[in-house]
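# Compute the structure for the input listed below.
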Amino acid sequence: MRLNDRVALHEILTHRQDLLRQLISVTGVDPRQAIAQVSEEITIIEAGLATLAPE
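You can find the predicted model right below:
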């Protein structure tokens, strides 16, 4: 991924958001640690997107 690659960051963000939705719906195991990690990654990705110049 290139630095300042908005498209790639959006793709990663979409993937993490889908993963988070799937983790939230998991039953039979405790997904809290994975949910916390993915939520943290989403926050970091969104912060990165916010620092890029608007298109």
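# just checking, what packs against the host helix or strand of residue 14?
Element membership of residue 14, judged by DSSP states H and E, is helix 6-24. For helix 6-24, the packing partners by 3 or more CB pairs under 8 Å, 6 or more residues apart in numbering; DSSP states H and E come out as helix 32-51. (Glycine included, C-beta is placed from N, CA and C.)
# Which secondary structure elements does the helix it packs on sit against?
Partner elements for helix 32-51 (3+ CB pairs under 8 Å, 6+ apart): helix 6-24.
# What angle do helix 32-51 and the helix holding residue 14 make with each other?
Relative orientation of helix 6-24 versus helix 32-51 (axes from the mean of the first three to the mean of the last three CA atoms, to 10 degrees): 160 degrees.
# Mean confidence (pLDDT) on helix 6-24, please.
Mean per-residue pLDDT for helix 6-24: 93.
# Flag every buried residue along it.
The neighbour-count check on helix 6-24 (16 or more other CB atoms under 10 Å) flags 9, 12, 13, 16, 19, 20, 23 as buried.
# Please verify my assumption that the fifth one contacts residue 38.
Yes: counting by CB atoms under 8 Å, a contact exists between residue 19 and residue 38, whose distance comes to 5.5 Å.
# quick one: the closest residue in space to residue 41 that isn't next to it in sequence from residue 28, how far?
Of all residues not flanking residue 41 in the chain, residue 16 sits nearest, at 5.3 Å (CB to CB, 6 or more residues apart in numbering). Distance from residue 16 to residue 28, counting by CB to CB, to the nearest Å: 22 Å.
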